[in-house]
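A.B. asks: Give me a model of this one.
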Amino acid sequence: MAASITQQWQLGSYHVTVSANAAQAGLLPAVLSTLRQHHQHTGALREGDRIRFGWSELILVQQADGILQLGEPDFDGDPAQGIVPSICQTLEVYSEQLALAEQMGVKPEWTAYDETVLVETGCLAADKLFLQRFEPEVWMPDSGWSVSLASNDPGRMVQHELLPIWQLLRAYPHLAPALILPEGYGVLLEHGDIVQVWVVDDR
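C.D. replies: Numbering: from 1, shown residues only. Now for the predicted structure:
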């Protein structure tokens, strides 16, 4: 089990506690900076505040002693309602995504966990999947991502459905880093793992 750390920060009259894995300590200044910006913008820190941080959200939960605990959506349960009193999963994916963006030499373009992806119906059971990010349009999901079979038959009849990003990641957790890539990129997934990333449209 990974060692954990807990820090307590003071922003004005508010005290906030944050828990994460010890290996993620280097990412906490970015979290604190985001929290400070929120505090400066709103003038307060309140229970229930949800603050966008990369692909995820930081959620403030008030403890019995009045101190605010920084949590994250419950990605293993119901992310819309459930809250986990740490930010380990948020930071894990955040770190992986920034690493891939640096490796590919691209500017990060965050995909939020509660945005939607256009999925070819039934394709998530396949061994090979193709993902591509488009500019979001009225007919496209708000993330710009689409998922389909990696098929050589472009003329096949298909149907599509919209799924939240968190549901896609529950099925394919190893896909998370690629969702930082900007419009025009494609990703080939085999047996749940990323095997190729390339520019499909280099506009």
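A.B. asks: what's next to stretch 143-157, contact-wise?
C.D. replies: Outside of stretch 143-157, the residues within contact range by Cβ atoms under 8 Å, 6 or more residues apart in numbering are 111-112, 115-120, 123-124, 126, 128-136, 140, 158, 160, 165, 168, 179, 183, 188-189. C-beta here means a position set from N, CA and C on the backbone, and glycine is covered the same way.
A.B. asks: meant to ask about stretch 54-71
C.D. replies: With contacts defined as Cβ under 8 Å, 6+ apart, stretch 54-71 is touched by 8, 14-19, 31, 34-35, 45-52, 72-73, 83-87, 89-90, 93-94, 97, 108, 110-113, 165, 176, 179-180.
A.B. asks: Can you tell me which residue sits nearest the middle of the protein?
C.D. replies: The chain has W55 as the residue nearest its centroid, 3.0 Å off, counting by Cα atoms, centre = their mean.
A.B. asks: Let me see the backbone angles for that residue.
C.D. replies: Geometry field for W55 lists phi and psi as phi -80, psi -10, criterion degrees, to the nearest 10.
A.B. asks: what's the distance between it and R156?
C.D. replies: When distances are taken as Cβ to Cβ, to the nearest Å, W55 and R156 turn out to be 32 Å apart.
A.B. asks: longest helix in this protein, by residue count?
C.D. replies: helix 88-104 (DSSP state H).
A.B. asks: For it, name the packing helices and strands.
C.D. replies: Under the contact criterion of 3 or more Cβ pairs under 8 Å, 6 or more residues apart in numbering; DSSP states H and E, helix 88-104 touches strand 14-21, strand 56-62, strand 68-73.
A.B. asks: The second one: partners in the sheet, and parallel or antiparallel?
C.D. replies: The reference is to strand 56-62. strand 50-53 (antiparallel), strand 68-73 (antiparallel) (DSSP bridges).
A.B. asks: next one: the first one
C.D. replies: Within its sheet, strand 14-21 is paired with strand 4-11 (antiparallel), strand 68-73 (parallel), according to DSSP bridges.
A.B. asks: average model confidence for the first one?
C.D. replies: Averaged across strand 4-11, the pLDDT comes to 97.
A.B. asks: Residues contacting that strand, please?
C.D. replies: Contacting residues not belonging to strand 4-11 are listed as 15-22, 25, 28, 32, 35-36, 39, 45, 67, 86, 88 [Cβ under 8 Å, 6+ apart].
A.B. asks: buried sites along it?
C.D. replies: Counting neighbours by 16 or more other Cβ atoms under 10 Å, one finds that the buried residues in strand 4-11 are 9, 11.
A.B. asks: Please state the offset of it from the chain centre?
C.D. replies: With Cα atoms, centre = their mean, to the nearest Å as the basis, strand 4-11 stands 23 Å off its chain's centre.
A.B. asks: now do the shortest one
C.D. replies: Relative to the chain's own centre, strand 68-73 is displaced by 16 Å; criterion: Cα atoms, centre = their mean.
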